[in-house]
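Enquirer: Here is my input; please provide its structure:
(chains A, B and C)
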Amino acid sequence: MATLSTTAGPVRQISRSRALLNLLRDGDELAHAVTLTFGASILVITFLLIYELWIHSTLSRQKFGFSFFFTSTWDPNFGQFGSWPFIYGTLVTTAISLIIAVPLGIGAAIFLSELAPPKLSRGLSFVIDLLAAVPSVIYGLLAVFTLVPLMRHTIEPFLKRNLGFLPLFKGPAYGVGFLTAGIVLAVMIVPYIISVSREVLLAVPQDQREASLGLGATRWETTWKVVVSYAGAGIMGSVFLSMARALGETMAVTMVIGNQPKVAASLLSPGYSIASVIANEFAEATADLHLSALTELGLVLLALTLVLNGMARVLIIMTARKGSGVAQ
Amino acid sequence: MTARTIWRKSLNALMLSITGICALVTVSTLFLILGFLVWNGARSLHWTFFTNLPAPTGEIGGGIANAILGSAKLLLVAASIGIPIGLIGAIYLAEYAGAKWAFFIRYAADLMNGVPSIVIGIFAYTIVVVSMHHFSALAGGFALGIMMIPVILRSCEEFLKAVPRSLREGAMALGASKWRTILTVVVPAASGGIITAILLALARVAGETAPLLFTAFGNQFWSSGFNQPTAALPVVIYNYAMSSYEDLHQQAWAAGLVLLGLVLVTNLLTRMVLGRQTAQGR
Amino acid sequence: MKKPLLIVSLCLGIAGLVAAQGGTVQLQAAGATFPAPIYTKWFDAYKKINPKIEVNYQPIGSGGGIRQLIAKTVDFGASDGPMTDDQLKQAPFKILHFPTVLGAAVPSYNIDGVNTPLKFTGKALAGIFLGSINKWNDPEITKANPGVKFPAEDIVVIHRSDGSGTTYIWTDFLSKVSPEWKAKTGGPNTAINWPTGLGGAKSEGVAGLLKQTPNSIGYIELTYAIQNGILYGDVQNSAGNFVKATLASVSEAAAGAAKDMPDDFRVSITNAPGKNAYPISSFTWLLVPAQIQDTGKREILKGFLNWMLKDGQGYCEGLAYAKLPPPVVAKEAKAISLIQ
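Expert: Down below sits the predicted model:
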């Protein structure tokens, strides 16, 4: 259907004021410009964000260069700043959270997409979406008063008694530390894994399942070998998405990680994450170099999350394309 | 039946029950959270809790009145940044999508969505607090507003796109210009979805703590206007939870219950309304 | 559905602006958690006397107080670690120190089976915080506490994770009694690279961790230990006596400094001479810009400082802080006029 043009007819020698009047009355050009401006402001803000981080971390970048990432000393007194303990802490807690949340999340997603009757599936998904809406500080609050004592008095001693020969479970049972932070993160990212995986699993064409069942596979075999592997990329995408979320999580982790910049093999050890050290030290770093180092940490975190988010989206789009069957 | 078949059938039953257990565990977590909050927080929910200002360190009897108002102010500022940019940007993407700009805007919005909230806090600090030379509700609201933009943008774009073409074409057939169509036909048609998107975005940033740590800062008293530091509900919960005073722990639970209650109710209502709307739309 | 939303937002907007109580001036301050109990009490009491004056004090740690003052985002700061010469040079304007109260950092602990006050030598404390002494039944600790049954458990060290004046006081003391400590960590500062332990945010965070973590030890201001019911120990002073932190022992530590107070009031009184002086005592200071453009704010600050030196001191003992020695009060009263 052709769009109607309101400036129809011969428009030669039209005076400037007439053109302006036409513009205002017409409004479309103006509206286009206005909406574009608002939309483009997003580009401006994003660019400004990256620019500000870059500029304010200059001092630290120039002083430490690449050694910033490999040095373990974080010493405000001597002016030595190395980010490895924080990167390590962030990676370890994220890894723990994935180890717990991915099987749990995929299992639940499989249940919701393959087994549960549609009404139950929708109802339970609704509840799980509500879980995703719970603010981080509430998770932290609960963790401090319920999980930490539980870890300190029950779970960590149990792990030490039975698995204490492993370097993973050595050291005193503080209650706070990598493991506790990982568990809290797991609870926080599970809803994301479930909701995205469920969508992706539901998008797998029904004929795939029917073909498999027709060949005599059990429902589990169909689910695992056919549906899940078909949707594999999308599920990976949900994992990356959750990883990005876990990396940037601040409050809940700060409240239970122990706040000690330490690189330790033991999961029971206190540690530190990038987001936590920024939250604790940013408002009070007295030396310019200290502030600059913290900003550089923020830049590192940003880069990590952006890369992961990008990968996630690519994977999810790949699965969507596959499932739809028609080229979009 | 061969042994192998029995094995396959048992495995089938086992794995399927395990997935059911996974779902059960996840769902019950929400009820556990609510349960703990209600159990611990309900005790402190008396009238003075909502109307008192915080007490000096170590004294009991303080309240979260200024934190509630502070959060409301922050959300107001956030909304005045997030809604215009998000909604009007979404209109651009849905109605005027030329390939080049639209791609970059969507990409930037996704980037923004992935930025950790603490980094947004750093950004707001350098842009607003340092230039204004003081902490303020404006700075805090600015940080929250930035976080709202991508959320509103993406959802509103979807809702606007979902408006049937027939509505647009009908309006144009009657002689309306494009902008008139958008303003008087498309947006109102998508209004239900737009409002739910806004409310969900508000509920999401209402619970954010990290970006407020060095922007809104905190206030023992009422903050006047938007130019002063202000207390906020999530920050108060964080500070009180990390303190050592039993009374403050009680207040943290109660404040947590209030915050979670508001967030969950908003989510519940909007999703229910949304569900009904989309069902009707089909 | 749009209209109610609009109305609600308008109401909130109006409410927010209306909450600007006509004529009330609010000063912004930030800094030490060490004196937070008495500062917040003071500002609360001051508001009752002068309803139009509010001071919003945010206890974010001494490091934060110094930083935000230099960045000019607050009107004045507070710190228990006096600003160093470097920091004063870094500041774009002149900053004056005004001592407010005397306090003590005490070694607080939560040990299974121990319910009595313990005695700690300087060497024991340094060893514990260095991580070289890591079990409670270490001889360095047990020999000062005969008759006390210590568990053979690991010591959990708790320190501050944020920039803290209490850390400054503590590391100042440890640097004086242990050359090994000083070499390893670099001398007194608000934030250091801790050899071991868990980090708690602010004094309250450390106190909270202490209460919850068995076999732990940490350093907090005396008031926090008392208010939270946490046991704290006596420390051996330079005269060799084990002294408990009390108003008297803290005042005795300040006695020498009171006589020889430097003009800028920056002085360390840790490990002070005196038979019964508590060795980990310290002044705590308000950091005030020497030049305040806004006349109203200037007068308010000067008015508050004068009140603090007279009536404010009356609140000290109730909150376990020691009053300023009279010679210091007199000297300070004169110094207030330096604020232009």
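Enquirer: and stretch C:214-223, how far out from the chain's middle?
Expert: Chain-centre distance of stretch C:214-223: 14 Å, with Cα atoms, centre = their mean, to the nearest Å.
Enquirer: Convert the C-alpha atoms of that stretch to CSV, please.
Expert: Taking Å, rounded to 0.1, in the frame of the first residue of the first chain, the C-alpha atoms of stretch C:214-223 are listed here in CSV:
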residue,chain,number,x,y,z
PRO,C,214,33.5,-18.1,66.5
ASN,C,215,37.1,-17.8,67.6
SER,C,216,37.5,-14.4,65.9
ILE,C,217,39.3,-11.2,66.9
GLY,C,218,38.9,-7.7,65.5
TYR,C,219,39.5,-4.1,66.3
ILE,C,220,36.6,-1.8,66.9
GLU,C,221,36.0,1.4,68.9
LEU,C,222,35.2,0.9,72.5
THR,C,223,31.6,2.2,72.2
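Enquirer: Now look at that stretch and say if it contacts chain B.
Expert: Yes - using Cβ under 8 Å from any Cβ of the partner chain, stretch C:214-223 reaches chain B at C:Thr223. Placement of C-beta: from N, CA and C, glycine included.
Enquirer: Pull the number of nearby residues for residue 139.
Expert: Using chain A. Using other Cβ atoms under 10 Å in any protein chain shown, the number of residues around A:Tyr139 comes to 23.
Enquirer: that's the wrong chain, I wanted chain C
Expert: So C:Pro139, with other Cβ under 10 Å, has 9 neighbours.
Enquirer: Tell me the predicted confidence for it.
Expert: C:Pro139 is assigned 92 on the pLDDT scale.
Enquirer: go on, A:Leu21?
Expert: Taking A:Leu21 on its own, its pLDDT is 65.
Enquirer: Over to C:Lys41?
Expert: So C:Lys41 comes in at 92 (pLDDT).
Enquirer: and it, how many neighbours?
Expert: By other Cβ under 10 Å, 21 other residues sit near C:Lys41.
Enquirer: mind checking the SS state of the nearest residue to it once chain neighbours are set aside?
Expert: Nearest residue to C:Lys41, sequence neighbours excluded (Cβ to Cβ, 6 or more residues apart in numbering or on different chains): B:Pro56, at 4.4 Å. Classification of B:Pro56 using DSSP: H, G, I helix; E, B strand; the rest coil returns coil.
Enquirer: what number of residues lie near B:Pro56?
Expert: B:Pro56 - counted by other Cβ under 10 Å - has 19 other residues nearby.
Enquirer: cool, C:Pro107 as well?
Expert: 23.
Enquirer: Go ahead and confirm the residue nearest to C:Lys41 touches C:Pro35.
Expert: No - B:Pro56 is beyond contact range of C:Pro35, at 11.6 Å (criterion: Cβ atoms under 8 Å).
Enquirer: In space, what's closest to the most centrally placed residue in chain B - neighbours in sequence excluded?
Expert: Nearest to the geometric centre of chain B sits B:Arg204, at 1.3 Å (Cα atoms, centre = their mean). The spatial neighbour of B:Arg204 that comes closest, neighbours along the chain excluded (Cβ to Cβ, 6+ apart), is B:Val151 at 6.5 Å.
Enquirer: got a pLDDT number for that neighbour?
Expert: Value for B:Val151, per-residue pLDDT: 91.
Enquirer: distance of it from B:Ala255?
Expert: 24 Å (Cβ to Cβ, to the nearest Å).
Enquirer: Please report how far the residue nearest to B:Arg204 lies from chain A.
Expert: 12 Å (Cβ to the nearest Cβ, to the nearest Å).
Enquirer: The stretch 101-250 of chain C against chain B: which residues are in contact?
Expert: C:200-202, C:204-208, C:210-211, C:223-224, C:227-228.
Enquirer: Would you show me how to pick out the buried ones of those in PyMOL?
Expert: In PyMOL, this line selects whichever of these come out buried by 16 or more other Cβ atoms under 10 Å in any protein chain shown:
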select buried, chain C and resi 200+201+202+204+205+206+207+208+210+223+224+227+228
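Enquirer: before we move on, back to that, who touches the residue nearest to C:Lys41 in this structure?
Expert: C:37, C:40-41, C:43-44 (Cβ atoms under 8 Å, 6 or more residues apart in numbering or on different chains).
Enquirer: and those, which of them are in helices?
Expert: The members of the contacts of B:Pro56 that map onto helices under DSSP state H are C:37, C:40-41, C:43-44.
Enquirer: Isn't C:Gln28 up against B:Phe135?
Expert: Yes - assessed by Cβ under 8 Å, C:Gln28 is found in contact with B:Phe135 at 7.2 Å.
Enquirer: just to revisit the earlier point, what helix or strand is the residue nearest to the centre of chain B on?
Expert: Per DSSP states H and E, B:Arg204 falls inside helix B:191-206.
Enquirer: for C:Ser108, same thing?
Expert: Judged by DSSP H and E, C:Ser108 forms part of strand C:95-110.
Enquirer: what's the following helix or strand after that strand?
Expert: Following strand C:95-110 toward the C-terminus (DSSP H and E): strand C:119-120.
Enquirer: Might you enumerate the residues of chain A proximal to chain C?
Expert: A:73-78, A:80, A:148-149, A:152, A:172, A:174-176, A:254, A:258-261, A:270, A:272, A:280-281, A:283-286, A:288, A:290.
Enquirer: Rebuild the ones in helices among the contacts of B:Pro56 as TSV, extending it with distance to B:Val38.
Expert: TSV is the format used below for the ones in helices among the contacts of B:Pro56 (distance: Cβ to Cβ, whole Å):
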residue	distance to B:Val38
C:Pro37	32
C:Thr40	31
C:Lys41	33
C:Phe43	35
C:Asp44	32
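Enquirer: For the stretch 151-300 of chain C, which segments count as helices?
Expert: Using DSSP state H, counting those that start in this stretch, the helices of the stretch 151-300 of chain C run over residues C:165-177, C:179-185, C:202-212, C:222-227, C:247-259, C:295-310.
Enquirer: Which elements pack onto the helix ranked longest in chain B?
Expert: In chain B, with assignment by DSSP H, the single longest helix is helix B:3-41. Here helix B:3-41 touches helix A:84-110, helix A:118-133, helix A:136-142, helix A:178-202, helix A:219-221, helix B:246-281, going by 3 or more Cβ pairs under 8 Å, 6 or more residues apart in numbering or on different chains; DSSP states H and E.
Enquirer: Can you give me the buried ones in that helix?
Expert: For helix B:3-41, by 16+ other Cβ under 10 Å, it's B:8, B:12, B:15-16, B:19-20, B:22-23, B:26-27, B:29-30, B:33-34, B:36-37, B:40-41.
Enquirer: what's near enough to touch the residue of the stretch 51-200 of chain A found nearest chain B?
Expert: Nearest residue of the stretch 51-200 of chain A to chain B, counting by Cβ to the nearest Cβ: A:Pro135, 2.4 Å away. A:Pro135 sits next to B:206-209, B:234, B:259-260, B:263 when contact means Cβ under 8 Å, 6+ apart.
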